[in-house]
Structures are given as C-alpha cells and as structure tokens.
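1. below are the sequence and a predicted model for it; my questions follow.
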Amino acid sequence: MYQPPSDPVNKAKHLKTSQLCELCHSRKAVIKRPKNLMKICKECFYYVFETEIHNTIVSNNLFYKGERVAVGASGGKDSTVLAYVLKLLNERHQYGIEIVLLSIDEGIVGYRDDSLATVKRNQKQYELPLEIVSYRDLYNWTMDEIVACAGVRNSCTYCGVFRRQALDRGANKLNIAHVVTGHNADDMAETVLMNILRGDVARLEKSTAIMTISAGSPVKRSKPFKYSYQKEIVLYAHYKKLDYFSTECTYAPEAFRGTARELMKNLEAIRPSCIIDIIHSGENLVLKPKKQKKQTVKSKNVKKTELNTQEQELEVRTDGTVSLNFKDGNRCERCGYLSSNKICKACTLLEGLAANRAKVQLDLDTSTDGAAKVVRDLEKLSF
Ligand SMILES: Nc1ncnc2c1ncn2[C@@H]1O[C@H](COP(=O)(O)OP(=O)(O)OP(=O)(O)O)[C@@H](O)[C@H]1O
C-alpha cells in the first residue's frame, strides 16, 4: 500500500537531498521515470503509474458498474500488467466490473503455447476466469500452417484479421461486449507515425481513439494504457515481480511498423515526451471533410431482391477506387458472423488460403514436367 510522503520522522537521514525521491522527499529514489525523467522511489512510482491509468479510465468513462469486461490476455508484459492493474483498481476504486481473461491461441508452436502457459498461471495468481479460443477451432487453420502455405511475409496481416475476429467471437461466447487490450502509448504513437508516413488519412483519424468499435461488431474495444509508456509497464512488471512471457513472436514483425518503432525509439531517446506529444498531435489533428460521392447501386449484376434486403452503398473514393459498403448488422454470407461486408475479411483470407493449399498440393501430387509445371511456377511469381 502507498505510504504517505514527507514524513520527517521516517526520512532517510543518511541520504543527501539529491538522492531523495522527488515526489515524497523522504524515501530513496531508485527509478528515473521514463515519462518525465523524475527520480522517484518505488512506492511513488507504483502510485503515479496506477493513478494515471485510473484517471484515464475515469475521464473516458471506460466502464460502467456491473459491466463484464474481457482482458485480451496474451501472457506478454502489457496484458499481464493490464490484468493485474485492472483487478487492483477495480477493488481500490469500486468500479464494480467483472473481469475475465480471454486468450486467443493462434497456433504458433514454441511461442503461443508457452505464453498461454503463463496466462494459465496468471489465471490462478489473480483468481480470474479464463477462456481460450483457438484459430484451429474457428478457422481450421493454425498460424504455423498459414505461414507454411502463404509465407512469412504476410503473416501479420492474416494474424491481425483473424485475431480481431477471434477476440470478438470469444467475447460473444462469454456474453461480453467489451474487450480491453494492452496497447500502450508507444503502440499508439507508432500507429500515428505509420499512418502519417503512409498518408493513410482514414486510419490516422481513428488511430488515437481510446475506444473503438469495428463496423458490424457488437463488441467495443478499449485501451486503458493509451497514455502508459512501454518502459514504465516493463518497470512495473519487473518491480512487482509479475509472471509474464517475454519472447517475441516467431514470425517477422510487420516491416513498416518495425521502422516506425525504430524511428520513435530514437526520438524518445532525445525527447522522452515525444510519445505523448505524438498522441496529442494525433488527437488534435483536424482533417478536411471527406469529398466522397455516394450513390445507391443500380448494377445489372446485382439482383433486385439483394438490393432491397441489404441496403448496399457504392462508395467512390477520391483515388477513383470503389467499394461496396453494407450497413451494420449484416452477416457474412460464408461464416454467418456479423460483418459490414458481404463476405467478412477472415473468410476472404480463408478463401485465398484454401486456393493456395490446393495449388501447393497439386504441385506435390503430380510429378509434371514441361509446360503445365512451368505455367504453375510462373503463377507463383509476383511482380
Ligand atoms: N493471443 C492473444 N490473445 C488475447 N489477446 C491478445 C493476443 N495477442 C494480443 N492480444 C491483445 O492485444 C494487445 C496488443 O498485442 P501485441 O501483439 O501488440 O502484443 P504486445 O504489445 O507484445 O502486448 P503483450 O505484451 O500483452 O503481448 C495485447 O496487449 C493483448 O491485450
């Protein structure tokens, strides 16, 4: 428990003033706070770290009394600290929420199996219920199989789409409409930078939102660590001796995100506040109103009945490309899960994977030489 500061009786007399905590002025400073370089003691660090998260939760009305909340638990440092701190704050400030751990098993041998073992230990340590949902059960593919079939280059794309939907479906299974994740300030600043560098204005607009809801999904997501620095989360886990899994994913991280991360780390070394500053810039960015022509589809290819029931809209983007938008509440024609598109993103990717698997099998099954084989080999080349 936090000890009140400035107790002249308990003040460490053998310490010089410069060695004392800059907040309580009575205990020895042992930490240089990554966020503002203040030298503080362990107790004050715990207190400011937890209080900042509490303030984020309260000022953004993240929870309501009686709400059931699933923590996306990967066993890594961020989500482990999130589960621990959320349970602590829930008890300390009587949020009145019910916390459940929700883990997705992507099927990555030597990585996710080990991190899930950590989550299972966390479940006992924090006395929280745990639900595990696997890609194998949902999609009949594991990430290891996907990488074997589609290569490592796009692994983050597949994994990201499937995980987002898997978290939704896991929450649905638990009858929970709110998933919190351990995305932190560094992750958010990185995303803002990436979207600026790519000129991805649509994503830039949403990249600093603390709470999001995907089109067609009944599950909202929030990021209570939006203003928490990665380095402080690691320090907190270290000093509190939390049990977490620290190995990076076996598959290559998204190359461009890696570059943005590197750039941000370099900036942070010169100016620690730049992480928060980038988030503030993103939050206050005012974008030009979108110039988009929207018209109802009157296409020959679409049956009249479909038009009536599905309320499609044809969106013509400024770069000339078009997309079909389906209003929320629609279901994917393949899997039946809620989706804003006719076929959800996961099913589109699964379709590509199935086609690729068939092609690989064809190559393995037939010992063909000559033209057919050459044509298949050429098909694999991308320019
Ligand atoms: N397999 C998973 N199961 C449940 N939640 C997950 C899973 N993977 C990621 N998440 C959620 O998404 C957040 C961000 O995930 P990311 O892959 O960026 O990992 P990270 O930044 O290393 O976080 P962590 O340290 O918690 O693993 C995690 O903090 C967690 O809440």
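-> Arrived safely, thanks for sending.
2. wait, residue 224 sits on residue 59?
-> No: judged on C-beta atoms under 8 Å, residue 224 makes no contact with residue 59 at a distance of 11.3 Å. No exception for glycine: its C-beta is placed from N, CA and C like everyone else's.
3. those two - which one has more neighbours?
-> With neighbours defined as other C-beta atoms under 10 Å, residue 224 and residue 59 compare such that residue 224 has more, 25 against 9.
4. ok but the more buried one is inside a strand, no?
-> No: assessed with DSSP: H, G, I helix; E, B strand; the rest coil, residue 224 is coil; it does not lie in a strand.
5. next up, the contacts around residue 228.
-> Counting by C-beta atoms under 8 Å, 6 or more residues apart in numbering, residue 228 makes contact with 49, 52, 53, 184, 185.
6. ok, residue 103 next?
-> For residue 103, the contact set (C-beta under 8 Å, 6+ apart) comprises 72, 73, 74, 75, 116, 119, 130, 131, 132, 133.
7. likewise for residue 99?
-> Residue 99 neighbours (C-beta under 8 Å, 6+ apart): 69, 70, 71, 83, 86, 87, 90, 128.
8. can we see that at 7 Å?
-> Contact analysis of residue 99 by C-beta atoms under 7 Å, 6 or more residues apart in numbering lists 69, 71, 86, 87, 90, 128.
9. shouldn't it be within a strand?
-> Yes: secondary structure of residue 99 (three-state DSSP): part of a strand.
10. so what's it bridging to?
-> Beta-bridge pairing of residue 99 under DSSP bridges involves residue 69.
11. before we move on, back to that, pick the one among the contacts of residue 228 closest to residue 147.
-> Nearest to residue 147 among the contacts of residue 228 is residue 184, at 26.7 Å by C-beta to C-beta.
12. so which residue of the stretch 51-200 of the chain comes closest to the ligand?
-> Nearest to the ligand in the stretch 51-200 of the chain, going by C-beta to the nearest ligand atom, is residue 76, at a distance of 2.1 Å.
13. just want the most central residue of the chain.
-> Against the mean C-alpha coordinate of the chain, by C-alpha atoms, centre = their mean, the closest residue is residue 183 at 5.4 Å.
14. okay, now the unreliable bits of the stretch 251-383 of the chain?
-> 252, 292-329, 358-383 (pLDDT under 70).
15. so which residues of it form strands?
-> Assignment of strands within the stretch 251-383 of the chain using DSSP state E, counting those that start in this stretch yields the ranges 293-295, 312-316, 322-326.
16. residues in contact with residue 223?
-> Residues in contact with residue 223 (C-beta under 7 Å, 6+ apart) are 181, 183, 210.
17. give me the subset of the residues you listed that also touch the ligand.
-> By C-beta under 6 Å from any ligand atom, the members of the contacts of residue 223 lying near the ligand are 181, 183.
18. from the contacts of residue 223, which ones fall inside helices?
-> Among these, no member is found in helices (DSSP state H).
19. which residues does the spatially closest residue to residue 334 that is not a sequence neighbour contact?
-> Excluding its sequence neighbours, the residue lying closest to residue 334 (C-beta to C-beta, 6 or more residues apart in numbering) is residue 347, at 4.1 Å. Contacts for residue 347 were tallied using C-beta under 7 Å, 6+ apart; they are 332, 334, 335.
20. neighbours of the first one, how many?
-> Residues contacting residue 332 under the criterion other C-beta under 10 Å number 21.
21. how far out from the middle of the chain is stretch 266-286?
-> A distance of 19 Å separates the centroid of the chain from that of stretch 266-286, by C-alpha atoms, centre = their mean, to the nearest Å.
22. if you count neighbours, what's buried in it?
-> 267, 268, 272, 274, 275, 276, 278, 279, 282 (16 or more other C-beta atoms under 10 Å).
23. and it, C-alpha only, in PDB?
-> Output of stretch 266-286 as PDB, limited to C-alpha atoms (Å, rounded to 0.1, in the frame of the first residue of the first chain):
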ATOM      1  CA  ASN A 266      15.400   7.300 -31.500                       C
ATOM      2  CA  LEU A 267      13.100  10.300 -31.000                       C
ATOM      3  CA  GLU A 268      12.200   9.200 -27.400                       C
ATOM      4  CA  ALA A 269      15.900   9.000 -26.500                       C
ATOM      5  CA  ILE A 270      16.300  12.700 -27.400                       C
ATOM      6  CA  ARG A 271      13.000  13.800 -26.000                       C
ATOM      7  CA  PRO A 272      11.000  11.400 -23.800                       C
ATOM      8  CA  SER A 273       7.800  13.400 -24.000                       C
ATOM      9  CA  CYS A 274       7.600  12.800 -27.800                       C
ATOM     10  CA  ILE A 275       5.500   9.700 -27.300                       C
ATOM     11  CA  ILE A 276       2.700  11.600 -25.600                       C
ATOM     12  CA  ASP A 277       3.300  14.600 -27.900                       C
ATOM     13  CA  ILE A 278       2.700  12.400 -31.000                       C
ATOM     14  CA  ILE A 279      -0.600  11.100 -29.400                       C
ATOM     15  CA  HIS A 280      -1.700  14.700 -28.600                       C
ATOM     16  CA  SER A 281      -0.900  15.800 -32.100                       C
ATOM     17  CA  GLY A 282      -3.000  12.900 -33.500                       C
ATOM     18  CA  GLU A 283      -5.800  13.700 -31.100                       C
ATOM     19  CA  ASN A 284      -5.900  17.400 -32.200                       C
ATOM     20  CA  LEU A 285      -5.500  16.900 -35.900                       C
ATOM     21  CA  VAL A 286      -8.400  18.300 -37.800                       C
END
